[in-house]
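Novice: Fold the following.
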Amino acid sequence: MTLDTDMLAMGAATRTAAAVLRDASAETRTEAIRAAARHIRAQAAAILAANAEDVAKASGLVDRLRLDPGRLEGVAAGVEAVAGLPDPVGRELARWRRPNGLDIARVATPIGVIGMIFESRPNVAADAAAICLRAGNAVILRSGSDALGTCLALHAAIAAGLAEAGLPAASVQLVPTEDRAAVGLMLQGLGGVIDLIIPRGGRALVERVEREARVAVLGHLEGICHTYLHASADPAMALDVVVNAKLRRTSVCGATECLLVDHAAAAALLPPIAGALQAGGCELRGDDAARRIVPDMAAANADDWGREYLAPILAVRVVDGLDAAMAHIARYGSGHTEAIVAADDAAAERFLREVDSAIVIRNASTQFADGGEFGFGAEIGIATGRLHARGPVGPEQLTTFKYVVRGAGQTRP
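Specialist: Sure, this is the predicted structure:
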């Protein structure tokens, strides 16, 4: 068997499973998701052992890859939370009656087969499987080579949950090879099987997917997130929000990578925040104005604006008011998440209205850019494009719709 033959066979089996899922009851899919969570917990030792082997072989971004009992329980709990979400399939989105008596409804339906390509984060395998099942979709998962062993172990648990609920094993498939040619085959659509590709990873992966894909793509670009401290910001709130936004977890896409501070308040706001960040092990790279206020800050260069560090490094810039802050975000942001800390209602509302990113936040950490925090149970990623979904992608965002027309013998003149 060749890779091409194997991948085409996988695609065909997934398409067949998608038809079963489309007609399966919400209760059956709910039970499959809950059973998957139970099996993840039951197979924790095997999953953690596989993860330890992956971590031992890995280079770079190990924090994203590493699981411990607490994180694995978080994965299982996230899957379980998806099972408790309202089922999005069959929702009546709109309904109206035409003058000729035709009754027309717009009804949510599964997309079909999702191709999920991701790097280094084994939890994505579980989240994607649960979200796709909740939305009635089958999914083909392709993990990064660093996480393959862990994902194979997680997939075994998910497959056991599917079997327990009586759903086809092919409802959730995992590409079992590190061969990068498998990605190219998925991007070609596996003979028309894949309806939507979702990449989750670094710029190189996303750019390759968007360049080579022959099917629709739901893009997740870098998390170049900004926090802007307005002149009216409460100092204590500003300190708490910035430290959390940067240092809670530096390797997540919702971590703040650039701090913008209003010139009118920079002398008061910046020193205590810089001190707290530096005490937490964060390297600061500032412009000239920021370094005049905090002299031990390293000098930023042109590459520091618009950079996703995924590390305890923060770019700092002093800006001349709200317009300058929004102009900086428009130039260097990736359309992911931006936050303002401000007591001034007018300034804050203008920021929320005019900043064109998937998520805009007032007086809270950018690390709330997460499907679980939005009440979605989990997420496949943060969509930074404009079509067909934007922001955290949960079950509702993985449905499309059809029109159901009911008549009484009408014919068109």
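Novice: From now on I want contacts and neighbour counts done on CA atoms only, so please keep to that.
Specialist: Noted.
Novice: Spit out the contact partners of Ser232.
Specialist: Shown in contact with Ser232 (Cα atoms under 8 Å, 6 or more residues apart in numbering): 265, 342-344.
Novice: mind redoing it with 6 Å?
Specialist: Ser232 makes contact with 342-344, according to Cα atoms under 6 Å, 6 or more residues apart in numbering.
Novice: Please pick the buried ones from the residues you listed.
Specialist: Among the contacts of Ser232, those buried by neighbour count (16 or more other Cα atoms under 10 Å) are Ala342.
Novice: I'd like the contacts of Ser232 laid out as CSV, including secondary structure.
Specialist: Converted to CSV, the contacts of Ser232 look like this (DSSP: H, G, I helix; E, B strand; the rest coil):
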residue, secondary structure
Ala342, coil
Ala343, coil
Asp344, coil
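Novice: So Leu167 lies in a helix, does it not?
Specialist: No. Leu167: not assigned to a helix; according to three-state DSSP it is coil.
Novice: want to throw the contacts of Ser232 into CSV with pLDDT?
Specialist: Shown next, in CSV, are the contacts of Ser232 (pLDDT from 0 to 100):
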residue, pLDDT
Ala342, 98
Ala343, 98
Asp344, 98
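Novice: and of the contacts of Ser232, the nearest to Val393?
Specialist: Using Cα to Cα, the shortest approach to Val393 within the contacts of Ser232 belongs to Ala342, at 28.2 Å.
Novice: burial of the nearest residue to that closest one once chain neighbours are set aside, as a residue count?
Specialist: Distances taken as Cα to Cα, 6 or more residues apart in numbering place Ala233 nearest to Ala342, at 4.2 Å, with adjacent residues excluded. Ala233 has 21 neighbouring residues, counting by other Cα atoms under 10 Å.
Novice: I figured Ala233 was touching Ala343, is that so?
Specialist: Yes. Here Ala233 reaches Ala343: they are 5.5 Å apart, a contact under Cα atoms under 6 Å.
Novice: domains of the protein?
Specialist: Following the assignment in automatic domain parsing, the chain carries domains at 3-218+393-406, 225-368.
Novice: What are the boundaries of the helices in the stretch 201-350 of the chain?
Specialist: Remark: helices assigned in the stretch 201-350 of the chain by DSSP state H, counting those that start in this stretch are 203-212, 235-247, 266-279, 288-293, 322-332, 345-354.
Novice: Contacts for the last one, please.
Specialist: Helix 345-354 is contacted by residues Val360 when judged by Cα under 6 Å, 6+ apart.
Novice: what do you get for the second one?
Specialist: Contacts of helix 235-247 from elsewhere in the structure, counted by Cα under 6 Å, 6+ apart, are 255-256, 269, 273, 364-367.
Novice: Now restrict those residues to buried residues only.
Specialist: The buried subset of the contacts of helix 235-247 - by 16+ other Cα under 10 Å - is 255-256, 269, 273, 364-367.
Novice: Please convert those residues to JSON lines, extending it with pLDDT and distance to Arg214.
Specialist: Putting those into JSON lines (pLDDT from 0 to 100; distance: Cα to Cα, whole Å) gives the following:
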{"residue": "Ala255", "pLDDT": "97", "distance to Arg214": "32"}
{"residue": "Thr256", "pLDDT": "98", "distance to Arg214": "33"}
{"residue": "Leu269", "pLDDT": "98", "distance to Arg214": "49"}
{"residue": "Ile273", "pLDDT": "98", "distance to Arg214": "47"}
{"residue": "Ala364", "pLDDT": "97", "distance to Arg214": "39"}
{"residue": "Ser365", "pLDDT": "98", "distance to Arg214": "37"}
{"residue": "Thr366", "pLDDT": "98", "distance to Arg214": "33"}
{"residue": "Gln367", "pLDDT": "97", "distance to Arg214": "33"}
